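In: Predicted structure and sequence below. I'll ask about it afterward.
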Amino acid sequence: MKSLIQFLFCFFFVSFLLAQETAFNPSHQKRNTQLRQAQDPRSSFIDSAQQNKFVREQQTNLSRSALQQSSQSPKSMHKISGSGLDTAWVRHYGSGLKLAGPSVATATAVDAFGNVYVTGNSYGSGTGYDYATIKYNSNGDTLWVRRYNGPGNSDDYAHSLAVDAFGNVYVTGRSDGSGTDYDYATIKYNSNGDMLWVRRYNGPGNGSDWVRSLAVEGSGNVYVTGQSPGACSTIKYNSNGDTLWVRR
């Protein structure tokens, strides 16, 4: 009996110490915070150069941050200053069409000059969903908006965005083709928003091809990857949009 009492005492004492360590250990608190952020339906990122936080929200009729609420904001971008509590600006974008579906932001980026880039999906007039890509300056002024409607004149969904050192903007996603179901559709814009090229990829069998991600290296080569029927398909383009290789 004495041994059992000693065992129970040691068990509860060690459990108490572990609970206290978890409660007061900053590393545990940090991991818990990161977990909550990962589960947050909002998407955010940090501009490390200026210590500004950008929060991208994807809600249909109501866009809400911890600091500001607006009644009609299908697609919104919040810039929060380095102090963490001051909203520098909030910008909303929607197609403005009555009875249109929600505009949804899916990817964001910031360049070295503090310009902010947002891409996503926005309902068009008779075109279903189109890519919608926006460039804001550091004050939140809209510098340009570019939309893309694919050859199928139906739904086009932007999924990924990147900006290179020269301010060129790359957007990729899935786009309805003409008799080819969804295809990869990758676009390059210059810093003024002029379209330099569009490249589409239709996998074997005219099946549905869905882009998952895009990356740009320093030399300007572009890598796009996603899924095609029966395989993962990755493409490398040079800076002019020429296909260097396709791997499945």
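Out: On my side now, so go ahead. In this text the structure is predicted, and so the values were computed from the model without any measurement.
In: hey, let's count contacts and neighbours off CA atoms from now on
Out: Noted.
In: What average pLDDT does the helix or strand encompassing Leu244 get?
Out: Assigned by DSSP states H and E, Leu244 belongs to strand 243-247. In this model, strand 243-247 has an average pLDDT of 97.
In: Give the other helices and strands that that strand contacts.
Out: The elements that strand 243-247 packs onto, with contact taken as 3 or more C-alpha pairs under 8 Å, 6 or more residues apart in numbering; DSSP states H and E, are strand 231-237.
In: quick one, the strand it packs on and strand 243-247 angle?
Out: Going by axes from the mean of the first three to the mean of the last three C-alpha atoms, to 10 degrees, strand 231-237 is angled at 160 degrees with respect to strand 243-247.
In: got the contact list for strand 231-237?
Out: 221-227, 243-248 (C-alpha atoms under 8 Å, 6 or more residues apart in numbering).
In: and those, which are buried?
Out: The neighbour count (16 or more other C-alpha atoms under 10 Å) marks 221-227 as buried among the contacts of strand 231-237.
In: quick check, nearest of those residues to Tyr131?
Out: The closest of the buried ones among the contacts of strand 231-237 to Tyr131 turns out to be Val224 (C-alpha to C-alpha; 16.6 Å).
In: Run through the residues that contact the closest one.
Out: Going by C-alpha under 8 Å, 6+ apart, the list of residues near Val224 reads 172, 211-215, 234-236.
In: Equivalent analysis for Val222, please.
Out: With C-alpha under 8 Å, 6+ apart, Val222 has these contacts: 214-216, 236-239.
In: Need phi/psi at the closest residue to it other than its chain neighbours.
Out: In space, and not counting its chain neighbours, Val222 is closest to Val216: 4.6 Å by C-alpha to C-alpha, 6 or more residues apart in numbering. Note on Val216: backbone dihedrals following degrees, to the nearest 10 are phi -130, psi 130.
In: residues near Val216, how many?
Out: 21 (other C-alpha atoms under 10 Å).
In: same thing with Val198?
Out: The burial count for Val198: 15, using other C-alpha under 10 Å.
In: can you check Gly126 too?
Out: Residues lying near Gly126 (other C-alpha under 10 Å) number 8.
In: Now for it: which residues touch it?
Out: Counting by C-alpha under 8 Å, 6+ apart, Gly126 touches Asn153.
In: where along the protein do the helices fall?
Out: 2-24, 26-39 (DSSP state H).
In: neighbour-wise, which of the contacts of Val224 leads?
Out: Thr172 (29 neighbours).
In: For that residue, list each beta-bridge partner.
Out: Ser160, Thr186 (DSSP bridges).
In: and it, what pLDDT?
Out: Taking Thr172 on its own, its pLDDT is 98.
In: Between the buried ones among the contacts of strand 231-237, which sits nearest Ala185?
Out: Among those, and counting by C-alpha to C-alpha, the member closest to Ala185 is Val224, at 9.6 Å.
In: measure the closest one to Ser233 for me?
Out: 8 Å (C-alpha to C-alpha, to the nearest Å).
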